[in-house]
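Asker: got a sequence here, can you model it:
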Amino acid sequence: MESDCRIPVACCRPRALALHALFWGLVSLRVFGAALLGEEKSSAVKAVVAPCWLREDFVLTVECFQCNAFQTKSWSACGQTGYVEKVNCTESNRDEYKSCRSSVMEEHLFWKFEAAMLALTVVLAVFVVVRQRSLDRLASEKVRRQIESI
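Answerer: Below you'll find the predicted structure:
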């Protein structure tokens, strides 16, 4: 009586299980470690100086625009996305720059993603065709040998 288990026997070997556990352990450590480090850094920055637009209401005075090379190096708001918008905080009446995401940048990232997915589709389609031809060749070879043996 055969089992209904669909897990290949090769995946249940101790070495394979150890490699899987090691791989997923490293992945989770990388992900959660980065998240924890990011929280520590952001809490330290927030404790020192929190921008006024995080604490109070603000009015957008200048729409989202791209930073030049000097602004990218000197303004911390430019470092995140490369685009900023100027806001005026209503209570303190201060002008500050806030990082933003440009629609042009979003469109560019979308088309890069689309191109990557198209390229991946083509590569995998070629792989499927080559693999199918190889399997067809093996099947026809097997049938030929069976016919010859009669």
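
Asker: could you say what helices and strands the host helix or strand of Lys86 packs with?
Answerer: In this assignment (DSSP states H and E), Lys86 forms part of strand 83-89. Secondary structure elements in contact with strand 83-89, counted by 3 or more Cβ pairs under 8 Å, 6 or more residues apart in numbering; DSSP states H and E, are helix 52-55, strand 58-66, strand 95-99. Glycine gets a C-beta too; all of them are placed from N, C-alpha and C.

Asker: packing partners for the helix of greatest length in the chain?
Answerer: In the chain, assigned by DSSP state H, the helix with the most residues is helix 103-148. Counting contacts by 3+ Cβ pairs under 8 Å, 6+ apart, there are no secondary-structure elements packed against helix 103-148.

Asker: quick check: angle from that helix to strand 83-89?
Answerer: Between the axes of helix 103-148 and strand 83-89, defined by axes from the mean of the first three to the mean of the last three Cα atoms, to 10 degrees, the angle is 140 degrees.

Asker: one step back: just the helices and strands packed on strand 83-89: most buried one?
Answerer: strand 95-99 (a mean of 17; mean count of other Cβ atoms under 10 Å).

Asker: that one pairs with which strands?
Answerer: Looking at strand 95-99 with DSSP bridges, its paired strands and their directions are strand 83-89 (antiparallel).

Asker: quick one: average pLDDT of the partner strand?
Answerer: Per-residue pLDDT values across strand 83-89 average out to 89.

Asker: convert stretch 101-108 to CSV, retaining C-alpha atoms only.
Answerer: Taking Å, rounded to 0.1, in the frame of the first residue of the first chain, the C-alpha atoms of stretch 101-108 are listed here in CSV:
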residue,chain,number,x,y,z
ARG,A,101,7.8,59.0,-4.4
SER,A,102,7.5,60.4,-7.9
SER,A,103,5.0,59.1,-10.3
VAL,A,104,7.8,59.2,-13.0
MET,A,105,10.0,57.0,-10.8
GLU,A,106,7.1,54.7,-10.0
GLU,A,107,6.4,54.3,-13.7
HIS,A,108,10.1,53.6,-14.4
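
Asker: what about the chain, any weak spots by pLDDT?
Answerer: 1-12, 20, 31-48 (pLDDT under 70).
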